[in-house]
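Undergrad: Test case, fold it:
(2 chains)
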2 protein chains.
Amino acid sequence: MKKHIYIYSPSSAVRDKASFKRGIARLKAMGHEVEVDEAALSSHQRFAGDDATRLAAIARAAASGADVALISRGGYGLTRILPGIDYKTVAKAIDKGTQFVGLSDFTAFQMALMAKTGASTWAGPALGEDFGVEGEPDDIMQACFDDMLSGQGEGTGWQLPKLSVTGLEQGRGQADLKINKATLWGGNLCLLASLVGTPYLPKVKGGVLFIEDVNEHPYRVERMLTQLLHAGVLAQQKAIVFAQFSNYKLVPHDKGFKLASVVQRLQSKVKARVLTGLPFGHVPTKVLLPVGASVSLLVEGRDAFLLWGHAH
Amino acid sequence: MKKHIYIYSPSSAVRDKASFKRGIARLKAMGHEVEVDEAALSSHQRFAGDDATRLAAIARAAASGADVALISRGGYGLTRILPGIDYKTVAKAIDKGTQFVGLSDFTAFQMALMAKTGASTWAGPALGEDFGVEGEPDDIMQACFDDMLSGQGEGTGWQLPKLSVTGLEQGRGQADLKINKATLWGGNLCLLASLVGTPYLPKVKGGVLFIEDVNEHPYRVERMLTQLLHAGVLAQQKAIVFAQFSNYKLVPHDKGFKLASVVQRLQSKVKARVLTGLPFGHVPTKVLLPVGASVSLLVEGRDAFLLWGHAH
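TA: Modelled structure (predicted):
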């Protein structure tokens, strides 16, 4: 299953060249043809080239005819070039078979593309941090990536952690659940919140919204969710799925305020079902998720399933 | 000039009781009558009491008949209780002569009040961090506080730092400036950005927007400003004034990207005049600013003036 994978840098400059090279070597060892964008290692301030350079890189990725356009890394930089992206051309490339894959800062691109064209992309790995790790890349990530490449993937499943079971006490979270034909969307919560009120956040009704973040204290997670709540976004969703929130640090001042507090409070404020534990985010074990696609969400006991493709 | 000052806690729990006590002693030593809200030292998780407790504290501050309602501290907590605040009652209290003063998390309250009623408040000190410091509170802060108490204050002035002079190279920033009868608004940038798209951000046209923040890297400052930009908020302003951005840390990855980069880029994206150096924020030397009031903004050479009251 040899595929053509195009590597480009729409966000922060690649500083860890070793991971970058290991990632490319890994993809080649898997049998793929890897094409590296001419500006993939560009650097301007924090960015992988100035705004024009990164806009041109996105255009080249769209024109590459590759099976997959994979970001080298996230960071920061897409938000400020959102007005300059040629979304129609990207959507056409997707229509012709190029799958755009990434996460973190890439959420801004995914949301804006969805808002402007409705086109679907994949929330998934980045080259350096996922394929470029020392040692073996995560098994589940690789298997999900292969599923995406083959087009045979039909969904993903995970076990709801006890965090979700706390919902039981509120008479929620216990019941089995079946949501059909809902639009899956979301990604990095910081980026989602930073798009509220702009033309780059899609207006999704009856959706399944998934969120993840890194280095964000639960009070900041709550403040961002409160923005989505007060803006009316959450009232439109059928489910809100917490993926992984990693690398934050609780402090003595919290006195019991933690991520579970945020989840519980959110569940008390929305009709949507709130689930947790989705294996995606700034963690090695991540599934790939079709952002903008129609999905089914099932909960049976503590087992949750997001289904797409033929099974859906 | 003895005044009645009401101390309450609408946001985070007071942990530094020593500063709290010193602040009260200081205000009393200045000749004021200090009334402490019954829940001012409440604690629930991170918060100065649960949501109902803090909403009741705000209501008591509004009912106090005090000359000044001063927050004990900022932190986090107002965003989540915005839907429960009785804004009309607060506006009536302001109309009867109670001045609401605070900063940081308090920005959420100020913006929501302005959006719902148009009432004016003061961006200014908090009890603990400003009046409760060890040693003498900042002279300028105290003088501005006295001006606010006496109603004799007519404005504030500051010298534009060289940062603003960089605008010269873009053919901007050099010209003297006179903006009349513009609405002054703003405060903590994180809070402002977190209100975009919600009913709690006032729709200000032809305004003077001031911003400050603490612990936020310039790339995050830029992302927040980009949200205000893409949401169309900045296009409506006549001036954007950077107050103090404190306690952030540049990293090697920045490679020259710094707060001045953010200021320069912003100036290239908006018609509004971008100024810097306003002495307000998470720093000891802070002026008081009438949020929601009509002001004049003057620039003469490197001297900038914000005028209100009789001079205006």
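Undergrad: List, one by one, the residues from the stretch 51-200 of chain A near chain B.
TA: A:76, A:79-80, A:82-83, A:193-200 (Cβ under 8 Å from any Cβ of the partner chain). Where C-beta positions appear, they are placed from N, C-alpha and C, glycine not excepted.
Undergrad: hmm, try it at 6 Å
TA: A:76, A:79-80, A:194, A:196-198 (Cβ under 6 Å from any Cβ of the partner chain).
Undergrad: The stretch 201-312 of chain A now?
TA: Residues of the stretch 201-312 of chain A lying near chain B (Cβ under 6 Å from any Cβ): A:219, A:223, A:226-227, A:230-231, A:253-257.
Undergrad: can you rerun that using 10 Å?
TA: Contact residues (Cβ under 10 Å from any Cβ of the partner chain) of the stretch 201-312 of chain A with chain B: A:201, A:217-220, A:222-233, A:251-258, A:261, A:265, A:269.
Undergrad: Show the residue spans covered by the strands in the stretch 151-300 of chain A.
TA: A:155-159, A:177-188, A:207-214, A:237-246, A:273-275, A:289-291, A:294-300 (DSSP state E, counting those that start in this stretch).
Undergrad: Averaged pLDDT, stretch A:267-274. What do you get?
TA: If you average the pLDDT over stretch A:267-274, you get 96.
Undergrad: Tell me which residues are up against that stretch.
TA: A:163-164, A:166-167, A:170, A:172-173, A:175, A:177, A:179, A:206-209, A:225-226, A:228-230, A:234-242, A:262-266, A:275, A:297, A:299, B:80, B:83 (Cβ atoms under 10 Å, 6 or more residues apart in numbering or on different chains).
Undergrad: First-to-last residue distance for that stretch?
TA: 6 Å (Cα to Cα, to the nearest Å).
Undergrad: So which bits of it are buried?
TA: Residues A:267, A:269-270, A:272-274 are the ones in stretch A:267-274 that count as buried (16 or more other Cβ atoms under 10 Å in any protein chain shown).
Undergrad: Stretch A:177-187 too?
TA: Neighbour-count burial for stretch A:177-187, counted by 16+ other Cβ under 10 Å, picks out A:179, A:182-187.
Undergrad: What of stretch A:116-126?
TA: Neighbour counts over stretch A:116-126 (16+ other Cβ under 10 Å) mark A:116-117, A:119-126 as buried.
Undergrad: Could you work out the most separated pair of these?
TA: Across the buried residues of stretch A:116-126, the longest distance by Cβ to Cβ is 24.5 Å; it joins A:Lys116 and A:Pro125.
Undergrad: Give me the number of neighbouring residues for A:Gly97.
TA: Residues lying near A:Gly97 (other Cβ atoms under 10 Å in any protein chain shown) number 12.
Undergrad: wait, A:Trp158 sits on A:Leu298?
TA: No: judged on Cβ atoms under 10 Å, A:Trp158 makes no contact with A:Leu298 at a distance of 11.5 Å.
Undergrad: lowest average confidence, helix or strand, in chain A?
TA: Lowest by mean pLDDT, DSSP states H and E among the helices and strands of chain A is helix A:162-165, with a mean of 58.
Undergrad: and for A:Trp158 and A:Leu298, which residues touch both?
TA: Contacts common to A:Trp158 and A:Leu298, judged by Cβ under 10 Å, 6+ apart, are A:304-306.
Undergrad: Put the buried members of the contacts of stretch A:267-274 into a ChimeraX selection.
TA: The following ChimeraX line selects those of the contacts of stretch A:267-274 that are buried, judged by 16+ other Cβ under 10 Å:
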select /A:163,164,166,167,172,173,179,207,208,209,225,226,228,229,230,234,236,237,238,239,240,241,242,262,263,264,265,266,275,297,299 /B:80
